[in-house]
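1. Model the following, please.
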Amino acid sequence: MQKQYDLVVIGGGPGGYVAAIRAAQSGLHTALVEKDQVGGTCLNRGCIPTKTLMHSSHLYRELGTCEELGITVEKYSYDIKKLYERKNNVTQKLRSGIEFLLEANKVDVIRGTAMVTGSHTVRVQGSEAGELTAGNILIAAGSEPAILPVEGITLPGVITSNELLDQEGTDYRSLVIIGGGVIGVEFATIFHALGCEVTLIEAMDRLLPGMDKEISQNLNIIMKKRGITVYTSAMVEKIEQGEAGLICHFSQKGRKLQAETGTILVSVGRRANVNGLFAADVNIQTQQGIVVNEHFETSIPGIYAIGDVIQGGIQLAHVASAQACNAVAHICGAKEAVDLETVPSCIYTDPEIASVGLDAAIAKERGIEIKTGKFSMAGNGKSIIENQDRGFMKLVFDAETERILGAQLMCARATDLISELSTAIVNKLTISHLASVIRPHPTFTEGVTEAIEDAEGIAIHIAPRRK
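-> This next block holds a predicted model:
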């Protein structure tokens, strides 16, 4: 196989397939090389399967609280195989949709492993082996789970999120999770809701260390209240095989501790997938990922990289897709239209968590005078109706200009509500702009109005709030 293209995209995840479709729609003869299945980690081993399992586990947990709502459920259970079957069905349905879009836009999908052999050449090994020539190359090879460098990490039963999502029919009775970041807390939420005994071990002094501190504290309280064992400021030292299962040895503030379990999930982050990506004589600059400029062009002109594979990249599917749009625009000589400075982060725990822009601590570190508005969702009508757990909304404004700088939400539907506030930040809206909007009643989004009024000093609250 020897073919010539205007653009060859390596990797069919949210960055790669969006780039390929956008390029084809812009008139570029485009090929997409994918070694596995289109959709990448997000669709096949990440966001979508995880959230599908989480939806089922949330419903299962809620069945245990039905009596509070006047509903009697005498007997209920779950079938782990059917939960995984539904996960696979959802993934397949979405994957089919992507494949249809690629075909409809006349993108050549080439199955195999790609290696960049020159500034305009890509070698493919696999079912469709051969050499591709391209005017431009865009790398969207994604990332893979990071491996913790401790003794016993390769023992059977020590797994990453990849294996956890692939081990269909495994009904975990106990699970130790190493890493209290996004992946760790989401899986802790899922499997604890299904009756699994969960222990969560985090090296930093709090869960979700990259988020607003109050969110971390609230999540810690909720998890412990529900029965998840949480250790923070804890370092894993080794894993060994015991008589009844695995033993995870760790230390916390000078104490030597251990947790026994059948399975250990390692969720300590992800690393750029660059192994085998370049021929030996292709001297592209890498440093814990591929180094790119503001247009996502690498040190070799005509070769671009986006998503998890780049140095210092924000490892989120929607970021990779946005970067794809801007990179293709630059290749085509068009305006790069997506604002990449304002990135919403979403965590699908229960309650959901979402954040965008600056939190109060970061703003103060940058010397920005701020005013904040906060509302406890304990006083929100929709939250009370739906029997929601503790949560809040917090908005951060520039004290001088009153422009919104950031938002931190911990409540039901936070991952949907955050988009209104992302739009406000991108468009530099002020307190008065946001206050002029009528938000329907009863809804979760009324909390936004309440937080705005708190910033203005005119809030009327149904329930007492903690200052």
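
2. what about the protein, any weak spots by pLDDT?
-> 1, 169, 459-467 (pLDDT under 70).

3. Would you map the helices across it?
-> For the chain, the helices defined by DSSP state H cover 14-25, 40-45, 47-63, 80-104, 161-166, 182-193, 213-226, 317-331, 360-365, 381-385, 414-426, 431-435, 446-456.

4. any chance of these in JSON lines, with mean neighbour count and distance to Glu151 too?
-> For every residue, glycine as well, the C-beta is placed using N, CA and C. Listed next are those as JSON lines, based on neighbours: other Cβ atoms under 10 Å; distance: least, Cβ to Cβ, whole Å:
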{"stretch": "helix 14-25", "mean neighbour count": "27", "distance to Glu151": "36"}
{"stretch": "helix 40-45", "mean neighbour count": "25", "distance to Glu151": "27"}
{"stretch": "helix 47-63", "mean neighbour count": "18", "distance to Glu151": "29"}
{"stretch": "helix 80-104", "mean neighbour count": "15", "distance to Glu151": "31"}
{"stretch": "helix 161-166", "mean neighbour count": "18", "distance to Glu151": "20"}
{"stretch": "helix 182-193", "mean neighbour count": "24", "distance to Glu151": "21"}
{"stretch": "helix 213-226", "mean neighbour count": "17", "distance to Glu151": "28"}
{"stretch": "helix 317-331", "mean neighbour count": "23", "distance to Glu151": "34"}
{"stretch": "helix 360-365", "mean neighbour count": "15", "distance to Glu151": "36"}
{"stretch": "helix 381-385", "mean neighbour count": "16", "distance to Glu151": "46"}
{"stretch": "helix 414-426", "mean neighbour count": "18", "distance to Glu151": "38"}
{"stretch": "helix 431-435", "mean neighbour count": "16", "distance to Glu151": "53"}
{"stretch": "helix 446-456", "mean neighbour count": "22", "distance to Glu151": "47"}
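
5. I'd like to know which of the ones you listed is closest to Ala140.
-> Ala140 sits nearest to helix 14-25 of all the helices of the chain, at 3.6 Å, using Cβ to Cβ.

6. Check which helices and strands that closest one is in contact with.
-> If you count contacts as 3 or more Cβ pairs under 8 Å, 6 or more residues apart in numbering; DSSP states H and E, helix 14-25 packs onto strand 2-10, strand 30-34, helix 40-45, helix 80-104, strand 130-139, helix 317-331.

7. Looking at the ones you listed, which is nearest to Arg270?
-> Here helix 40-45 is closest among the helices and strands packed on helix 14-25 (Cβ to Cβ), at 8.2 Å.

8. which residues touch Ile222?
-> 351, 389-390 (Cβ atoms under 8 Å, 6 or more residues apart in numbering).

9. for Leu207, same thing?
-> 180, 184-185, 200, 216, 219-220, 223, 230, 232.

10. Equivalent analysis for Ala193, please.
-> Ala193 touches 57-58, 60-61, 350, counting by Cβ under 8 Å, 6+ apart.

11. thinking again about what came up before, want to throw the contacts of Ile222 into JSON lines with distance to Glu103 and neighbour count?
-> As requested, those are arranged in JSON lines below (distance: Cβ to Cβ, whole Å; neighbours: other Cβ atoms under 10 Å):
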{"residue": "Pro351", "distance to Glu103": "40", "neighbour count": "23"}
{"residue": "Asp389", "distance to Glu103": "45", "neighbour count": "17"}
{"residue": "Arg390", "distance to Glu103": "48", "neighbour count": "15"}
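
12. hmm, back to that, which of the contacts of Leu207 lies closest to Val274?
-> Looking across the contacts of Leu207 and measuring by Cβ to Cβ, the closest to Val274 is Gly184, at 24.5 Å.

13. Show me the residue at the heart of this protein, geometrically.
-> The residue lying closest to the centre of the chain (Cα atoms, centre = their mean) is Leu316, at 5.0 Å.

14. how many other residues sit next to Lys35?
-> The local packing of Lys35 (other Cβ atoms under 10 Å) involves 17 other residues.

15. How about Gly118?
-> 17.

16. So the spatially closest residue to it that is not a sequence neighbour versus Thr30, what's the distance?
-> Once flanking residues are discounted, Gly118 sits nearest to Val282: 6.7 Å by Cβ to Cβ, 6 or more residues apart in numbering. Separation of Val282 from Thr30 (Cβ to Cβ, to the nearest Å) stands at 21 Å.

17. more crowded one of the two?
-> More crowded of Val282 and Thr30, by other Cβ under 10 Å: Thr30, with 28 against 15.

18. Help me confirm that the more buried one comes into contact with Ala20.
-> Yes. Here Thr30 lies in contact with Ala20, judged by Cβ atoms under 8 Å, at a distance of 5.1 Å.

19. Mutual contacts of those two, please.
-> Common neighbours of Thr30 and Ala20 (Cβ under 8 Å, 6+ apart) are 7, 9, 107.

20. Now which of those residues would you call buried?
-> For those, a burial check counting by 16 or more other Cβ atoms under 10 Å picks out 7, 9, 107.

21. The first one is in contact with Thr30, isn't it?
-> Yes. With contacts defined as Cβ under 8 Å, Leu7 counts as touching Thr30 at a distance of 4.8 Å.

22. Find residues that contact each of those two.
-> Residues touching both Leu7 and Thr30 (Cβ under 8 Å, 6+ apart) are 20, 23.

23. related to what we said a few turns ago, might you report the residue contacts of the residue nearest to the centre of the chain?
-> Residues in contact with Leu316 (Cβ under 8 Å, 6+ apart) are 343, 345.
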